[in-house]
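K.L.:
Quick one, structure for this:
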Amino acid sequence: MEFAKRSEDVSQRISQKLTSIIKSSKNILIAYCGATYGLVQHIVSILKISKPELALMAIDGDYTYNVVLPYIAESLDLAIVYSDAMHEKALLRLLHSILLNNIRSVFIIPNVVYEKHRVQWSREFENIDIIEIDSGIYRLASLLAALKIAIDIGDMVARINRIKSEVEVSSIVEEAANRYMDAIKLLKSCRNVIVSKSMIPLGEYLEEHNYNIYMISELLKELFKKSSHLHETFMLAYSSVEDHIVNEFIIEALRKGLKRDQLIDLRINTDPFTAPIYGILISMVALLESL
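P.N.:
Below is the predicted model:
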């Protein structure tokens, strides 16, 4: 499918820009504006495995721009910034702080944010690279880029080597669509999705498309505030590595009054670093078929 190939191409552009900089860096700050925490958690985790000696800090951009950044700027080799399309004010505050503190930075932003503030983002920055991505493939391309960077940096790490075959999503999208056909059908009608920790990027993607998203670790408290929840159906998205956590959650949910057939599993049996990619691929297919 065309969106998968475009995501591959864009991810290659991002990885080419970032890989050499990260290889020569020791201290990196990765900031998230809006609902991009999942993307940041993903790249921080995979970078730490591919290059354990990296000192990585993940932090909320709207908190760090004046509370933290001015005091650690001199120790940073690089800042990487992600943002959703809704939090451009937080993003601009962070940009101004990074400019004032002269920090080597790469901003990875949706094209709608770039176009809305073109005067700001099209300036010639001495120490800042701006990578704008089509909003429709922003999350998929960002996840793929993180994998490609990790493979380039940590090609001697066994776990990183195992995921090499899964970065060419254009070659696996049809297979994934066939394998998870039931999930695609369910996503067309079910608007309630529970996500595990590894699937937060999927939750953030679906939330942008008006799904009700619940974190598995917080759901039981939230879920039963409304008695109507006890009669609804939920997709439960997780990676197979998280089976034990999901089983604990299911037992507790059944005790609270939910029935097992109200929880429809989307269990992705891949590495947790590729599981959200499969989840987003499946969701993109479902949304395209719903048009």
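K.L.:
what's the helix or strand for Ser97?
P.N.:
Ser97 belongs to helix 88-100 when assigned by DSSP states H and E.
K.L.:
In which helix or strand does Ile28 reside?
P.N.:
Here Ile28 is assigned to strand 27-33, by DSSP H and E.
K.L.:
From the contact counts, what lies against that strand?
P.N.:
For strand 27-33, the elements it packs on are helix 37-50, strand 55-60, helix 61-67, strand 78-83, helix 88-100, judged by 3 or more C-beta pairs under 8 Å, 6 or more residues apart in numbering; DSSP states H and E. To be clear about C-beta, it is placed using only N, CA and C from the backbone, and glycine gets the same treatment.
K.L.:
In contact with the residue nearest the centre of the chain, which residues are there?
P.N.:
Centroid-nearest residue in the chain, with C-alpha atoms, centre = their mean: Leu39, separated by 2.8 Å. Residues near Leu39 by C-beta atoms under 8 Å, 6 or more residues apart in numbering: Tyr32, Tyr82, Arg139, Ser142, Leu143, Ala146, Pro201, Glu204.
K.L.:
Chain neighbours aside, what residue packs nearest to the last one?
P.N.:
Spatially, and ignoring its direct neighbours in sequence, Glu204 is nearest to Ala35 (4.4 Å; C-beta to C-beta, 6 or more residues apart in numbering).
K.L.:
Also the first one?
P.N.:
Counting by C-beta to C-beta, 6+ apart, Tyr32 lies nearest to Val40, which is 4.4 Å off, once chain neighbours are set aside.
K.L.:
With the fourth one instead?
P.N.:
Nearest-residue entry for Ser142: Leu39, 5.1 Å, with adjacent residues in sequence omitted and distances by C-beta to C-beta, 6+ apart.
K.L.:
Quick check: the one you found vs His87, distance?
P.N.:
From Leu39 over to His87 the distance is 13 Å, taken as C-beta to C-beta, to the nearest Å.
K.L.:
what is the mean pLDDT for the helix holding Ser97?
P.N.:
Per-residue pLDDT over helix 88-100 has a mean of 92.
K.L.:
What lies in contact with that helix?
P.N.:
Residues from elsewhere that reach helix 88-100, judged by C-beta under 8 Å, 6+ apart: 31, 33-34, 61-62, 64-66, 69-70, 79, 81, 83, 105, 107, 109, 113, 116-117, 120, 125, 128.
K.L.:
next helix or strand past that helix?
P.N.:
Downstream of helix 88-100, the next assigned helix or strand under DSSP H and E is strand 105-110.
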